[in-house]
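> Take a look and give me a structure for this.
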Amino acid sequence: MHVRHTLIRLLRVAALSLAAVLVLLLAAATTYGYQHRDRLFPRSDSIVVYGRETCAITRRVRDGLATRGIPYVFADVDVPAIDDEMWFKLGPDFREPSITFPVVHVGGRVLLTPSAEQVAAQWQAARTDAETRDYATFLRGARPVPHY
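Now for the predicted structure:
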């Protein structure tokens, strides 16, 4: 009888501990999502440039956007979580074995290796619905538009 009560107590403690861990994980995920919402779920008028600091083409696009005064969020794919995020946004139908940077998410579309002019044009078109956040690209993946 004593062993049974001890076992029940241990199960209760384990269940409560598991519940506490799940609550903490959910809180951490929610906080991360909120802090990085402009990159994960960008507004339709915002730009997320995925690339590497050392990539000349990415630098050219970033400089072109800065010259035009167009705000953007840079996401460095050398960070594993950001690299996974980029591939996730490309979607399950994306079958290319490799890509050339930058990959740009703007206006609910993912552009592959665009020029700054192409990004600016897409951004201008997306500014009409600026308050909407693009959840679909993150949740379903995009159908990337190649520009090479």
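
> Show me the domain layout of this protein.
1-35, 42-146 (automatic domain parsing).

> can you give me the mean pLDDT across the shortest one?
Within the predicted structure, the mean pLDDT of domain 1-35 is 78.

> Can you pull the poorly scored residue ranges out of this structure?
1, 28-45, 128-148 (pLDDT under 70).

> residue ranges for the helices of it, please.
In the chain, the helices defined using DSSP state H lie at 2-35, 37-40, 56-68, 80-90, 116-126, 136-140.

> of all the ones you listed, which lies closest to G108?
helix 136-140 (5.9 Å; Cβ to Cβ). Quick note: C-beta positions are derived from backbone N, CA and C, even for glycine.

> about what we covered before: for my notes, please list the helices of the chain in a markdown table and give distance to R109 for each entry.
Formatted as a markdown table, these follow (distance: least, Cβ to Cβ, whole Å):
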| stretch | distance to R109 |
| --- | --- |
| helix 2-35 | 22 |
| helix 37-40 | 16 |
| helix 56-68 | 15 |
| helix 80-90 | 10 |
| helix 116-126 | 6 |
| helix 136-140 | 8 |
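
> Now render the ones you listed as CSV, adding mean neighbour count and distance to F74.
Shown next, in CSV, are the helices of the chain (neighbours: other Cβ atoms under 10 Å; distance: least, Cβ to Cβ, whole Å):
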stretch, mean neighbour count, distance to F74
helix 2-35, 10, 16
helix 37-40, 16, 9
helix 56-68, 16, 7
helix 80-90, 16, 10
helix 116-126, 18, 13
helix 136-140, 15, 18
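
> of those, which approaches S46 most closely?
It's helix 37-40; of the helices of the chain, that one is closest to S46 (Cβ to Cβ) at 6.1 Å.

> Quick one: residues in contact with stretch 64-84.
38-39, 42, 46-53, 62, 85-86, 101, 115-117, 119-120, 123 (Cβ atoms under 8 Å, 6 or more residues apart in numbering).

> what's the distance between the residue lying closest to E53 once chain neighbours are set aside and R59?
Leaving aside its sequence neighbours, E53 sits nearest to D76 (Cβ to Cβ, 6 or more residues apart in numbering; 6.2 Å). Noted for D76: a distance of 12 Å to R59, by Cβ to Cβ, to the nearest Å.

> And for V13?
55 Å.

> same deal with G69?
17 Å.
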